Each structure stands twice: as structure tokens, then as C-alpha cells.
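In: Okay, here's the prediction I keep looking at, along with the sequence it came from:
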Amino acid sequence: MKKVCANWPEQAFDENLVSGQYWDEFAENAKAAATELIHAGTWQEAEQRLQGLVQDMDAKEILAVGGAENPRLGMMYQHLQADGRVVYTDKFAIAEHAPQADLGISTAEFGVGESGSVCVDTASYESRVTGMLPPTHIVFMQADHMVKNIDTAFRVIARVYKKGYMGFITGPSRTADIERVLSLGVHGPGRFIVIAVDEPFEGRA
């Protein structure tokens, strides 16, 4: 299955809908939803932060998508394959190793100010399992790709959506089904990290 849209900024974004002015609201609401938010000025800084996270969590098996669209991400994934780590980027390898992977890394199209959510294009099976099965999910996003609210988000999506899967992620997985006690990580990752980069994504307008 192909991605819903090959290039969201080129095909769906304009300054009336998508703007960095919503960053502060997004950051406040994302943190309130237990998202761990890292703001990096450059891709070099983003890679350093990623390397630190991977070392701290001692992740050995990593699922990684988005490298084909973004060469900088692709290089990061290659650099992670050290110290006994294995990074799965092939869709068949991701499907095979998803149940036991320690970490999933993917990308988001934009953030939503009013909710602190990120919008993810999950048209492919590998992108869905990367964000749902590992205990920790890291998402890369361009920091100025922000919309004001959910209504605006759907206006953007309507410009590119034809068929497939879309999703909004608001913090780590959570449930309060049992005695109304909040638990994290029951139906998905218990830890959700967004690395927002000021420097534009390669391969995009």
C-alpha cells in the first residue's frame, strides 16, 4: 500500500493553515498529555539526542520507518546499527520482528496546537506496527509544521486523503478501564517521544 501522500508540505500545506505560531500551545498540551518533547535546532542535534535516548534505554532491536523519504533519517538509522543494535527498515523485517522490538521510530506530518497531538500517515502496515507494538515510540517532526486545532487538521488532510489510514497520537497509550485507575502502555507504547526539528526535512518542500 502506498502512503496517503508523498509530500504533505507541497501538496497540502499553506501559511493560512500550517504555521510555527502554534508551537507554544502544542508544546504545552503535548507535555500535559505525558509526551516527552525534544526541540532540536538542527538534524545533527536531533541525531545526538536520538543516540542518547537509544543508549539510555539500551534498545537492541529497533523498527524504523521514513528513512526512504528523508535521507537524514536514513543516515541516522545506519549510524544506530552499532554496539550490537539491529535496525529493521525493510517492511518484511519490521513485520517479522515487531512483537519483540524495543523501540519504534517514525515520522509525523504535523502537530495540533489545541490538543498536543501529532498527525501520522500510517497507510503502510510497517508504519502502523512501528508506532503501536514497541514499548517506546519516537516520532520525528518538523517544528514549524503546526496547525491550530482539529478542524484545521482535517482541512489539511482533506487535501490529500484518498484511501488508507491516518492517525492522531496524543501522548503514550493509556487506559482507565479497571477501577478508573489510569495506566500507561496497556494497549500500545508506554513512552512517547517527539523530536521536533527546526531544520527542514530533506526531500520535502
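Out: Yep, that arrived.
In: now the strands: where do they sit in the protein?
Out: 36-40, 61-64, 86-88, 103-107, 110-112, 117-121, 136-142, 146-147, 166-169, 174-175, 183-184, 191-197 (DSSP state E).
In: could you dump those strands to a markdown table with mean neighbour count, distance to Glu25 and mean pLDDT?
Out: In short, each C-beta sits where N, CA and C put it, glycine included. Formatted as a markdown table, the strands of the chain follow (neighbours: other C-beta atoms under 10 Å; distance: least, C-beta to C-beta, whole Å; pLDDT from 0 to 100):
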| stretch | mean neighbour count | distance to Glu25 | mean pLDDT |
| --- | --- | --- | --- |
| strand 36-40 | 17 | 13 | 98 |
| strand 61-64 | 22 | 30 | 98 |
| strand 86-88 | 19 | 34 | 97 |
| strand 103-107 | 26 | 21 | 97 |
| strand 110-112 | 27 | 9 | 97 |
| strand 117-121 | 24 | 12 | 94 |
| strand 136-142 | 24 | 15 | 97 |
| strand 146-147 | 26 | 8 | 98 |
| strand 166-169 | 18 | 16 | 91 |
| strand 174-175 | 15 | 21 | 53 |
| strand 183-184 | 14 | 23 | 46 |
| strand 191-197 | 23 | 13 | 97 |
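In: Including distance to Ala12, could these go into a markdown table?
Out: Formatted as a markdown table, these follow (distance: least, C-beta to C-beta, whole Å):
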| stretch | distance to Ala12 |
| --- | --- |
| strand 36-40 | 24 |
| strand 61-64 | 24 |
| strand 86-88 | 29 |
| strand 103-107 | 15 |
| strand 110-112 | 9 |
| strand 117-121 | 11 |
| strand 136-142 | 13 |
| strand 146-147 | 10 |
| strand 166-169 | 12 |
| strand 174-175 | 29 |
| strand 183-184 | 32 |
| strand 191-197 | 19 |
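In: can you tell me which of those comes nearest to Gln11?
Out: Closest of those to Gln11 is strand 117-121, at 11.7 Å (criterion: C-beta to C-beta).
In: For the closest one, name the packing helices and strands.
Out: In terms of contacts (3 or more C-beta pairs under 8 Å, 6 or more residues apart in numbering; DSSP states H and E), strand 117-121 is packed against strand 110-112, helix 125-132, strand 136-142, helix 150-158, strand 166-169.
In: Next, format these as a markdown table and append distance to Ala82.
Out: Below are the helices and strands packed on strand 117-121 laid out as a markdown table (distance: least, C-beta to C-beta, whole Å):
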| stretch | distance to Ala82 |
| --- | --- |
| strand 110-112 | 31 |
| helix 125-132 | 20 |
| strand 136-142 | 17 |
| helix 150-158 | 38 |
| strand 166-169 | 28 |
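In: and of those, who's closest to Ala59?
Out: Across these, closest to Ala59 is strand 136-142 (C-beta to C-beta), at 7.5 Å.
In: can I have the closest one written out in CSV, keeping just the CAs?
Out: The C-alpha trace of strand 136-142 is given here as CSV (Å, rounded to 0.1, in the frame of the first residue of the first chain):
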residue,chain,number,x,y,z
THR,A,136,8.7,3.2,23.3
HIS,A,137,7.8,5.2,20.2
ILE,A,138,9.9,8.1,18.9
VAL,A,139,8.5,10.4,16.3
PHE,A,140,10.4,13.0,14.2
MET,A,141,8.5,16.1,13.1
GLN,A,142,9.4,19.5,11.6
